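A.B. asks: Sharing a sequence plus its predicted fold:
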Amino acid sequence: QKEVEQNSGPLSVPEGAIASLNCTYSDRGSQSFFWYRQYSGKSPELIMSIYSNGDKEDGRFTAQLNKASQYVSLLIRDSQPSDSATYLCAVNMIGFKTIFGAGTRLFVKA
Amino acid sequence: DVKVTQSSRYLVKRTGEKVFLECVQDMDHENMFWYRQDPGLGLRLIYFSYDVKMKEKGDIPEGYSVSREKKERFSLILESASTNQTSMYLCASSLRPDTGELFFGEGSRLTVL
């Protein structure tokens, strides 16, 4: 079992819709969780971090964490073509390692 | 803004060559990381360092070594490059070890022939 799992996609949504990206992790001791966005040919950039159960909102982005289910999600409201990218879920594990999922490719159709 | 600079964007090397990938960060971060990124496999941690002269193995350290002589510089070394080390290499830094808030360099695409 991979430590951090994501559906590789591609996930295709129309412009203006809500995109929902999901991630599960295996280490119950993990304390911090992150979403990175990676445009084609570019390096990852941090867009959201979440440390406690519940929702965290930042503009059009909402991160959701459920530690009991070992589940993290990212919602993108009012999706725009510029949101088309690969979204990487990352988990900071015991021992200070940050482990990434393989990423979900998102396409937002104009 | 944090700046993480990788010395080479593109490299082409031959099998058996020794390869150095250099990374410098300008924000006085304690922690630095080397990942490789391959299609379908995502980012995999090779080595990380949480202090000068300290290093820890990540998930795929075989065939690699690292050097951190100064706080701002973290080097990845391929002692004898092999074709299966053809990949995108990403350096990152973070202020604290207990967080995954990483700042990445632009990446170094290495091709080993």
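C.D. replies: It's in.
A.B. asks: And the helices in chain B?
C.D. replies: Using DSSP state H, no helices are found in chain B.
A.B. asks: Just list the residues touching the closest residue to B:E22 other than its chain neighbours, thanks.
C.D. replies: Nearest in space to B:E22, with sequence neighbours left out and distances taken as CB to CB, 6 or more residues apart in numbering or on different chains, is B:S7 at 3.9 Å. All C-beta spots, glycine's among them, are computed from the backbone N, C-alpha and C. Counting by CB atoms under 8 Å, 6 or more residues apart in numbering or on different chains, B:S7 touches B:21-24, B:108.
A.B. asks: okay, those in TSV with neighbour count next?
C.D. replies: Formatted as TSV, the contacts of B:S7 follow (neighbours: other CB atoms under 10 Å in any protein chain shown):
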residue	neighbour count
B:L21	22
B:E22	17
B:C23	26
B:V24	18
B:S108	23
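A.B. asks: Okay, and which of the residues you listed map to strands?
C.D. replies: Members of the contacts of B:S7 lying in strands (criterion: DSSP state E): B:21, B:23-24, B:108.
A.B. asks: Farthest pair within the contacts of B:S7?
C.D. replies: Put simply, by CB to CB the two of the contacts of B:S7 set farthest apart are B:V24 and B:S108, 12.6 Å from each other.
A.B. asks: other SSEs contacting the helix or strand of chain A with the lowest mean pLDDT?
C.D. replies: One helix or strand of chain A scores below all others by mean pLDDT, DSSP states H and E: strand A:97-100, with a mean of 88. Here strand A:97-100 touches strand A:85-93, strand B:42-49, going by 3 or more CB pairs under 8 Å, 6 or more residues apart in numbering or on different chains; DSSP states H and E.
A.B. asks: now the angle from the shortest one to strand A:85-93?
C.D. replies: It refers to strand B:42-49. Counting by axes from the mean of the first three to the mean of the last three CA atoms, to 10 degrees, strand B:42-49 lies at 40 degrees to strand A:85-93.
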